[in-house]
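Visitor: Starting from these lines, generate the structure:
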Amino acid sequence: MSSGEPEKEEYKVDLLSEYARFLDVGTINYLVTLMTTEEGKSKRKVLEELGISRGTLYQPHVGNDVKQRVIKEALKRLNKTTVIKILYSHMRDLFIEFIVDVLSEAYDELDTNDNLAEFVKEVLTETSGLLQNVRDIERKKIIEIVKNSIIR
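Guide: Reported below is the predicted structural model:
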């Protein structure tokens, strides 16, 4: 192992932790729970090792620094594949919600704004695979209504 590899590994961990601001407290708590299970330690002990007070993860707004600390430690302590899948899944779901919200906001102007209609067509084409996995009935309806409006 060359002397640059540990720094590269730390950079990669830092890189993924930068997405902490997009993660909810539930995802962070889940990572902590996985660490407790993997290491056979209490949640109290793991939080203490992370320098996080017990009540912090039960607050409605957890700071990005705390979230980043949990992500960094999870990537070090847990199976990296598991952590990456958890982070990816959350980011994918957030992106899907964003797409549906964009479609919902754009819907009223599709008939009168050709540029917006063309853009929405591009979005629907690019994200069709992701949008097929939407399970929420209300969000599915929004997608279908916008698709039908574009097809006309």
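
Visitor: CA atoms for contacts and neighbours, from now on please.
Guide: OK.

Visitor: So what does Asp136 look like in phi/psi?
Guide: phi -70, psi 120 (degrees, to the nearest 10).

Visitor: Tell me how far it lies from Asp93.
Guide: 11 Å (CA to CA, to the nearest Å).

Visitor: Those two: who's more crowded?
Guide: Asp93 (14 against 8; other CA atoms under 10 Å).

Visitor: Can you give the domain ranges for the protein?
Guide: Residue ranges for the domains of the chain, per automatic domain parsing: 5-78, 92-151.

Visitor: Mind checking those domains for the one nearest to Lys85?
Guide: Closest to Lys85 of the domains of the chain is domain 92-151 (CA to CA; 10.2 Å).

Visitor: any low-confidence regions in the protein?
Guide: Scanning the chain for pLDDT under 70 picks out 1-13, 152.

Visitor: again, 80 this time
Guide: 1-14, 151-152 (pLDDT under 80).

Visitor: residue nearest the centroid of it?
Guide: Met91 (2.4 Å; CA atoms, centre = their mean).
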